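> kindly generate the corresponding structure for this input.
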Amino acid sequence: MKKKIISVLMVAVILSATIPLDFLQLNIDNKAKASGNTVILDDGRVVTLPPEVPTQITVKGNTYPINKELLTNSGITSVTNLDSGIAVYGTPEDVKNVYGNDYDSQSGEWRYLGFDINANKYSNPDFPLDADSGRSPSQKNWQSLDYIYKMNIEHPSPYYFSDKEQAGEWLQTMVWVRDIERGGKTPDEYDPIWLAEHFHILSPPTEYTAGLARGWHKTSVGRLWYETFVMPPSEKIEVPENPPSVTADFELKDEVYVYQDVGYKDTSYAEYSAIEYRKLTITGDNGYSNVIENQIQPDIRLTEGVYTFKLEV
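Residues are numbered from 1 along each chain as shown. Below is the predicted model of the structure:
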């Protein structure tokens with residue numbers, strides 16, 4: 001639930017025949033409302049999303065917001081550049097409610113973390129393999145897609161026929177965790193055309209969305225197994241390290257006379273955030289009351305007396 005916290009500056013002003021008024025300033029670190037294509041984290045930091053990354057998506061009639069927790073810390077340990085800055089929408093439970101989702105109690109991992117920008121299930125690379133031979137991907141007997149497609153095991157990928165070079169470049173980014181851990185051969189060391197002829201692209205990676213590829217390999221006894229690999233997005237969403245700083249400031253004229261326009265300038269500002277709303281409340285000991293909203297430099301006429309200026313941004 002979003003909490004609205006306001007930066008406030010209060011000052012009492014005594015208005016008499018002639019009185020100098022000093023410049024007043026108060027700095028308060030706070031949460032603030034952001035504008036545009038942004039997400040406000042629970043600690044107040046404001047993340048500006050790239051234009052192509054929406055704040056929410058719709059899947060089968062249901063709306064899911066970007067997952068703030070995964071945006072700042074995905075918990076993914078097997079892929080270094082997926083540790084944060086990823087665009088995942090909804091939660092594993094949301095996927096479970098729509099399509100079904102598996103939870104591995106031993107590892108504490110869900111098969112799918114949520115949805116991606118295109119409303120596909122976002123695979124968790126940390127989810128344990130359904131069947132594990134103990135061999136690294138570079139040691140497995142990968143079958144050609146010609147064979148897989150002829151056996152009707154999978155519908156042919158359009159990239160297999162239209163652009164093997166592009167498909168191969170994407171596939172070179174596949175994450176083979178065990179080969180990384182054991183110093184084995186990794187996909188970027190393979191010929192891209194060979195990769196394109198042996199791994200089926202389920203969804204290609206984009207700047208901010210991970211892609212998925214699947215390969216089929218035969219065991220020593222001739223059984224056919226498949227394995228799915230993540231292709232990380234090429235860019236990460238930048239998450240600011242510092243929470244927003246909201247400063248409520250205003251400046252009065254050096255000298256003010258009775259019945260003269262008091263006049264003030266709102267000099268409030270915010271860092272790592274944006275100010276969308278301003279409210280000045282003026283109350284006097286003579287019963288005077290006035291509320292001015294969303295004005296930067298208004299003029300107010302006041303009679304002699306003591307007034308309290310309360311500025312909220």
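> now do the helices in the protein.
For the chain, applying DSSP state H gives helices covering 68-72, 92-98, 145-150, 158-162, 164-171, 177-182, 192-196.
> and those, which one is worst for confidence?
The stretch with the lowest average pLDDT out of the helices of the chain is helix 177-182, scoring a mean of 66.
> let me know the pLDDT of Asp285.
pLDDT at Asp285 comes out at 84.
> how near is the residue nearest to it when sequence neighbours are not counted to Tyr288?
Distances taken as Cβ to Cβ, 6 or more residues apart in numbering put Val306 closest to Asp285, at 4.7 Å, once the chain neighbours are dropped. Every C-beta, even on glycine, is put in place using the N, C-alpha and C of the backbone. Per Cβ to Cβ, to the nearest Å, Val306 is found 10 Å from Tyr288.
> just Ile86 next, same as before
Distance from Ile86 to Tyr288, by Cβ to Cβ: 54 Å.
> picking up where we left off before, okay, and the beta partners of the residue nearest to Asp285?
Beta-bridge pairing for Val306 (DSSP bridges): Ile14.
> just put the helices of the chain in CSV and tack on mean neighbour count.
Formatted as CSV, the helices of the chain follow (neighbours: other Cβ atoms under 10 Å):
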stretch, mean neighbour count
helix 68-72, 18
helix 92-98, 17
helix 145-150, 16
helix 158-162, 13
helix 164-171, 19
helix 177-182, 14
helix 192-196, 19
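> and the ones you listed: which comes nearest Pro137?
Closest of those to Pro137 is helix 177-182, at 5.8 Å (criterion: Cβ to Cβ).
> just the strands in the stretch 101-250 of the chain please.
103-104, 109-110, 112-115, 121-123, 141-142, 200-203, 211-218, 224-231, 245-252 (DSSP state E, counting those that start in this stretch).
> deepest of these, which one?
strand 112-115 (a mean of 26; mean count of other Cβ atoms under 10 Å).
> distance from the chain centre to that strand, please.
Distance of strand 112-115 from its chain centroid, counting by Cα atoms, centre = their mean, to the nearest Å, is 14 Å.
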